[in-house]
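Peer 1: Sequence and predicted structure, then a few things I'm wondering about:
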Protein chains: 2
Amino acid sequence: MKLTPIMQKYILHWGEMGTRWGVNRTVAQIHALLYLSPEPLHAEEIAETLSVARSNVSTSIKELQSWGLIRVSHMMGDRRDHFESLKDLWEMFSVIMEERKRREIDPTLTMLRACELEGSNDHETPEEIKQRISDVREFMETISNYYEQMRQVPSPTLIKLIKLGSKVTGLLGKK
Amino acid sequence: MKLTPIMQKYILHWGEMGTRWGVNRTVAQIHALLYLSPEPLHAEEIAETLSVARSNVSTSIKELQSWGLIRVSHMMGDRRDHFESLKDLWEMFSVIMEERKRREIDPTLTMLRACELEGSNDHETPEEIKQRISDVREFMETISNYYEQMRQVPSPTLIKLIKLGSKVTGLLGKK
DNA sequence: CAATATTTTCAGTATTAACTGAAAAGAGTG
DNA sequence: CACTCTTTTCAGTTAATACTGAAAATATTG
């Protein structure tokens, strides 16, 4: 696949953004490429297009699959796996949120609860500090619950809500 | 400052979480330490407590200050700078959101708009691909505007809204 | 302003994370 | 089942990032 300057700019920027969010640059670039690509691409083609090793693509593809951001597809008469990205940005966003919650927020909540539990028979940690930890736990639970609730809302409704956000807050602001 | 096992667990976990979000481990640890600490700490003490070089603390402190997450304070009769973290988690959260927007979302929007502009007199990039880029731009603008709106809402109101989120969505869900 | 305390800078080093190329494993074909 | 095509694995290398210690800069005191 030949990249036009615009595509290059987009893909490179996405790679850099990735690193800022703890995502490996190649993984982010491949994701950007597949998002732009009108057709599913096979690993070899991805490697050539981005000038990275075939094996690097293999690993990165696995990573993207584990996030649920890309899917494998097949072409008649071609044995190679082809890959395509989710194209719906709202869906993509929600998949990423979901996965980050599962991988990062949930384990953090587990750790926080463990701290609280240990805290109950630990008299060397000052109460004030224990309280801080409980505050974090509570805060993260609140955010987490809120997210869980929003996830229930059918996405067209949620999208409308978000787009109309200004009106809602317009009212509230006047309070 | 002596760390109890609970504090250690908390600080170490926070450090690891940091790296997953593109934040340097030491920076995250210092932030966690200052968040827990009942009193402001000076750099020397931070370095000792976390077993890192004094100079590392200096750099990390600068980083945290640039994010607006910690403030310098002074003690009578002590020339050293002391540092304390924001303690209000909602405020902390909003400061981080704000800064990430400024550093990452806004530049990305700029890049996307530049792509669109270049796109108007580029006939080698397929329309479909240009459209994808526009979709991302639109998506990010929507999220960004929504965020901007929410930021206007006085925080006690926003907190109530988020805590009551379930009720709102309960209604919507039945639609 | 000399002496001391404190913070910052920065060149060099260490650590971690990412990537490559080659070899192994797996899958499909005739 | 031997051959070819494709994907995965992994040891070794490279690149990026983080960290240290010493020196320089800055600030404060008497």
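Peer 2: Received the coordinates, thanks.

Peer 1: For the top helix by length along chain A, buried residues please.
Peer 2: Longest helix in chain A, counting residues (DSSP state H): helix A:127-152. For helix A:127-152, burial by neighbour count (16 or more other C-beta atoms under 10 Å in any protein chain shown) applies to A:129-130, A:132-133, A:136-137, A:139-140, A:142-143, A:146-147, A:149-150. Quick note: C-beta positions are derived from backbone N, CA and C, even for glycine.

Peer 1: how much space is there between the residue nearest the centre of chain A and chain B?
Peer 2: With the centre of chain A defined as its mean C-alpha position, the nearest residue by C-alpha atoms, centre = their mean is residue A:96, 2.5 Å away. Distance from residue A:96 to chain B, counting by C-beta to the nearest C-beta, to the nearest Å: 12 Å.

Peer 1: May I ask you to confirm that that residue is in contact with residue A:69?
Peer 2: Yes. Here residue A:96 reaches residue A:69: they are 7.4 Å apart, a contact under C-beta atoms under 8 Å.

Peer 1: taking the mean pLDDT, what do you get for the longest helix of chain A?
Peer 2: Helix A:127-152 shows a mean pLDDT of 95.

Peer 1: packing partners for that helix?
Peer 2: helix A:89-100, helix A:106-120, helix B:5-20, helix B:25-36, helix B:89-100, helix B:155-163, helix B:165-174 (3 or more C-beta pairs under 8 Å, 6 or more residues apart in numbering or on different chains; DSSP states H and E).

Peer 1: Could you break chain A into its assigned domains?
Peer 2: As given by automatic domain parsing, the domain ranges for chain A are A:5-85, A:89-158.

Peer 1: Quick check on the residue of chain A most remote from its centre: phi, psi?
Peer 2: Most distant residue from the mean C-alpha position of chain A: residue A:123, 39.8 Å away (C-alpha atoms, centre = their mean). Torsion angles at residue A:123 (phi, psi; degrees, to the nearest 10) stand at phi -110, psi 10.

Peer 1: Out of the domains of chain A, indicate the one that is most buried.
Peer 2: Comparing these by mean neighbour count (mean count of other C-beta atoms under 10 Å in any protein chain shown), domain A:5-85 ranks first with a mean of 17.

Peer 1: Whether that domain contacts chain B - can you check?
Peer 2: Yes. For domain A:5-85, a contact with chain B is found by C-beta under 8 Å from any C-beta of the partner chain, at A:5-7, A:9-10, A:13, A:17, A:19-22, A:35-38.

Peer 1: Among the buried residues of helix A:127-152, which pair sits farthest apart?
Peer 2: Greatest spatial distance among the buried residues of helix A:127-152 (C-beta to C-beta): A:129 and A:150, at 32.3 Å.

Peer 1: okay, residue A:37: pLDDT?
Peer 2: 98.

Peer 1: Revised request: answer the last question for residue A:175.
Peer 2: At residue A:175, pLDDT is 40.

Peer 1: Quick one: neighbours of residue A:3, just the number.
Peer 2: Counted with other C-beta atoms under 10 Å in any protein chain shown, the neighbours of residue A:3 add up to 17.

Peer 1: how near is it to DNA strand D?
Peer 2: Distance from residue A:3 to DNA strand D, counting by C-beta to the nearest atom of the strand, to the nearest Å: 19 Å.

Peer 1: who's in contact with the spatially closest residue to that residue that is not a sequence neighbour?
Peer 2: With sequence-adjacent residues excluded and distances taken as C-beta to C-beta, 6 or more residues apart in numbering or on different chains, residue A:3 is closest to residue A:49, at 6.3 Å. Contacts for residue A:49 (C-beta atoms under 8 Å, 6 or more residues apart in numbering or on different chains) come out as A:1, A:2, A:3, A:33, A:41.
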